[in-house]
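**Student:** I need the structure of the sequence given here:
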Amino acid sequence: MKRIATLAVLMCALAASACSSKQECTVPEGVDPDWIKVIGCADDFSLLWVQNDSSVFARTYTVNWLIDREQDSRVYFIDSEEWTLHYFFASAFLDIPELTPVGNHQEFNILNYRRANRRFVLGKLIHYVDQDLVTLEFSAGDTADAAMIIDAYNKVSNAIYNGDDLVYRPVSAAHEEMLPELEQKIPTIRTEDVFNGQHYQPLHEGVGFGTLRFSTVDQLGVQPPLPTEIVVLDRVPNDISMVSGIVTQEFQTPLAHINLLSKNRGTPNMALRDAYTNEDLRAFDGELVRLEVTPQQFEIEPATAAEAQAYWDSLRPTNPLVPQFDLSVTDVQRIADVGMAATNIIGAKAANMGEMTNITTVAIPLPDQAFAIPFAHYDQHLTAHGIWTQIDTLLAEADTLEPKQLRERLFAIRWAIYRAPMSATFLTTLMSELSTRWTVDRGVRFRSSTNVEDLEEFSGAGLYTSAGASADEGDDAIADAVKVVWASAWNYQAFVERDFYRVDHRRVYMGVLVHPAFKNELANGVALTINEFAANRPAYYINSQVGEVSVTNPTGQATPEQILYYTWYEEPEYEVITRSSLLADESTWPGGKSVFTEAELAELASYFEAIHLHFKQLLSGDGSFAMDIELKMMPDRVLYIKQARPLKQRQL
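**Tutor:** Sure, this is the predicted structure:
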């Protein structure tokens, strides 16, 4: 049986350079210590490390260390699987009479992470397998100054067999600010260099079954993948139709659009630096396989047709999904006057924006004077021009069509919707609505908003098309923009994915969210109101980038900023995963090498908190509930929330 596993377990194999150093093991054979004072060899390290599945980096081995400043700065290297937190270890072994008490957990954290007169200095040794790198790191909320960091580095490096190879990695923005001073005294490495050195990146973990297919992103437009395929791609695509799994050669970010789709669909997603040419993967090209993505490794092996069919069936709802709609409302709807109850009239995207106007704890900055075109006008357009009949004929024959034939028939429907003239009465009404809100030269965005989004078993994210125009371009330009959105209800990708999830196509209706276009934006971003890396450390996960460069589809040439903005510290703290590659040499940007300033992050956090709590209460969300939020920063550094929707995550 062909089978590959990407993670070795022998520490010497993981750190060949370190194993070449002189080693004298501290721990006798057969002994399993709670802690040791010196890590004398790779075997000692392996007795203490834990594979940290909550790490933001894959393939990492972690050992917690503690320096007791009231015991002659004694260094303790801790069995980190047994004692997962420094506090648990200190309570068990170091609550010594006549020394500063360990205290309760809160007291311990405040004193030993936040105070200069702390008893303990706390940190981690982390072995990054892909990078063949061992780092010394402090917690993101630790306020240790440069002198304390340098002292800890020297004590720890002197107590480990490979101390000459140890480097310090700053985790938070405050730690980064000390780098110029630290670089003069100790070896350091920046977070982006660790990120860029990864070989394997798990994005959405789990198991998938499908036929392995290699394709370039350009080829996807010519031959879209099937729901029963696992695709290996040369780059990160903007979008992808329903598939059973994704492997990209180019690294993603967890908030890349295709990863959010993978979460919505419940399918595995990963990146591998040499994926497209990897010989082990190529050996399975065209075969039915089982792909498992885990925090530390991936595995791929042959699968049976029965296993694959059971998996595909598990992804689909047992019963057809029957979208609801209300065609009785014909007046355009002011976003400020509606909420989620209007989903069956104007669609989820528009209704979610309206719901944000109902938040009372803080005023959410939304696009100015937004409104929505209800489903009724989409229905009237298709009815007046006989397009529903064309759709009914397609639906009756869809099961007999080859993919190419289906694409052609769907294009014909979209073309018919676009070519048919809009009702003159409604177009007059629409132009009047635009002119009363904005100047004629103001760019306007027309965005899809359907009744098949954010359903319990179907997200519908990213399936439809938005368009832009301005009133000074004339009536036809405005009508065409709206019709582009209407027509996108019959995009091939949307049809295939709805079909897979047993959605009743005949009950799909398209509304249109209308608001000013975001032009000349200074930055854009996406955030989740949950820490998916470690649920026990609540945080907002924020990806952002300067200008209009995509966050949801970053390329290797434009890495976005990724931060975890922690909400469980007594004061705001955040961990930097990557900095924007477009700000690497920036000296005039107000945030320096950060997309947002500290004040702007705090402002965004207040919006995230209000949105999260409001929708969680409305939807009766549990502890894993999260919102997916899109944001913009416009000239004069004015912040806007562009969109918010519940994050749908199907279990694999």
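**Student:** the strands in the stretch 151-300 of the chain, which residues?
**Tutor:** For the stretch 151-300 of the chain, strands defined by DSSP state E, counting those that start in this stretch occupy the ranges 167-168, 200-204, 206-215, 229-233, 245-248, 269-272, 288-293, 298-302.
**Student:** winner for burial among the ones you listed?
**Tutor:** strand 245-248 (a mean of 28; mean count of other CB atoms under 10 Å). C-betas here are computed from N, CA, C, even on glycine.
**Student:** Give the rounded mean pLDDT of that one.
**Tutor:** Averaged over strand 245-248, pLDDT sits at 97.
**Student:** Which strands or helices does that strand pack on?
**Tutor:** If contacts are counted by 3 or more CB pairs under 8 Å, 6 or more residues apart in numbering; DSSP states H and E, strand 245-248 sits against strand 229-233, helix 257-265, strand 269-272, strand 288-293.
**Student:** The same query, at a cut-off of 6 Å, please.
**Tutor:** Applying 3 or more CB pairs under 6 Å, 6 or more residues apart in numbering; DSSP states H and E, we find strand 245-248 packed against strand 229-233, strand 269-272.
**Student:** Helices along the stretch 551-652 of the chain, start to end?
**Tutor:** Along the stretch 551-652 of the chain, counting by DSSP state H, counting those that start in this stretch, helices occupy 598-619.
**Student:** Below-threshold pLDDT in it: ranges please.
**Tutor:** Residue ranges of the stretch 551-652 of the chain with pLDDT under 70: 552-557, 569-570, 649-652.
**Student:** per the record, what domains does this protein have?
**Tutor:** As assigned by automatic domain parsing, the chain contains the domains 4-196, 204-315, 333-516, 523-646.
**Student:** Please produce TSV containing these, extended by distance to P323.
**Tutor:** Converted to TSV, these look like this (distance: least, CB to CB, whole Å):
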stretch	distance to P323
domain 4-196	37
domain 204-315	16
domain 333-516	4
domain 523-646	16
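**Student:** Show me the one of those that comes nearest V322.
**Tutor:** domain 333-516 (5.3 Å; CB to CB).
**Student:** Mean pLDDT lowest where, among the strands of the stretch 151-300 of the chain?
**Tutor:** When I compare the strands of the stretch 151-300 of the chain, strand 200-204 is least confident, with a mean of 92.
**Student:** picking up where we left off before, out of the helices and strands packed on strand 245-248, nearest to M178?
**Tutor:** strand 269-272 (31.5 Å).
**Student:** Show me what that closest one is packed up against.
**Tutor:** For strand 269-272, the packing partners by 3+ CB pairs under 6 Å, 6+ apart are strand 200-204, strand 245-248.
**Student:** Pairing partners for the last one, with directions?
**Tutor:** Using DSSP bridges, the strands paired with strand 245-248 are strand 229-233 (parallel), strand 269-272 (parallel).
**Student:** quick one: which of the helices and strands packed on strand 269-272 is nearest F625?
**Tutor:** Nearest of the helices and strands packed on strand 269-272 to F625, taken as CB to CB: strand 200-204 at 17.9 Å.
**Student:** hang on, the earlier thing: is it possible to get the strands paired with strand 245-248 out as CSV so that each row also shows distance to K124?
**Tutor:** Converted to CSV, those look like this (distance: least, CB to CB, whole Å):
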stretch, distance to K124
strand 229-233, 34
strand 269-272, 25
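**Student:** Of all those strands, which one comes closest to A363?
**Tutor:** That would be, of the strands paired with strand 245-248 and by CB to CB, strand 269-272, which comes in at 36.3 Å.
**Student:** got the strands of the stretch 151-300 of the chain as a markdown table, with distance to D95 columns?
**Tutor:** Formatted as a markdown table, the strands of the stretch 151-300 of the chain follow (distance: least, CB to CB, whole Å):
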| stretch | distance to D95 |
| --- | --- |
| strand 167-168 | 29 |
| strand 200-204 | 38 |
| strand 206-215 | 42 |
| strand 229-233 | 52 |
| strand 245-248 | 49 |
| strand 269-272 | 44 |
| strand 288-293 | 42 |
| strand 298-302 | 43 |
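**Student:** and of the ones you listed, who's closest to P590?
**Tutor:** The closest of the strands of the stretch 151-300 of the chain to P590 is strand 167-168. By CB to CB, the value is 27.8 Å.
**Student:** chain center to that closest one, what's the gap?
**Tutor:** The chain centroid and the centroid of strand 167-168 are separated by 27 Å under CA atoms, centre = their mean, to the nearest Å.
**Student:** that older thread, for D475, find the nearest of the helices and strands packed on strand 245-248.
**Tutor:** Evaluated over the helices and strands packed on strand 245-248, closeness to D475 peaks at strand 229-233, with 41.6 Å, by CB to CB.
**Student:** which residues sit in contact with T465?
**Tutor:** 484, 488 (CB atoms under 6 Å, 6 or more residues apart in numbering).
**Student:** Could you look up the SS state of it?
**Tutor:** Under DSSP: H, G, I helix; E, B strand; the rest coil, the three-state class of T465 is coil.
**Student:** For it, what are phi and psi?
**Tutor:** phi -120, psi 140 (degrees, to the nearest 10).
**Student:** and if you look at the one 3 residues further on?
**Tutor:** Main-chain torsions, G468, degrees, to the nearest 10: phi -130, psi 150.
**Student:** show me what contacts it?
**Tutor:** By CB under 6 Å, 6+ apart, G468 lies in contact with 443, 445, 517.
**Student:** roughly how far apart are the second one and F371?
**Tutor:** Yep, that's R445 we're talking about. 12 Å (CB to CB, to the nearest Å).
**Student:** do the same with the last one
**Tutor:** Computed with CB to CB, the distance linking A517 and F371 is 15 Å.
**Student:** quick one: which of these two has more around it?
**Tutor:** Using other CB atoms under 10 Å, the more surrounded residue of A517 and F371 is F371, with 23 against 17.
**Student:** just the strands in the stretch 351-500 of the chain please.
**Tutor:** 371-373, 444-450, 467-469.
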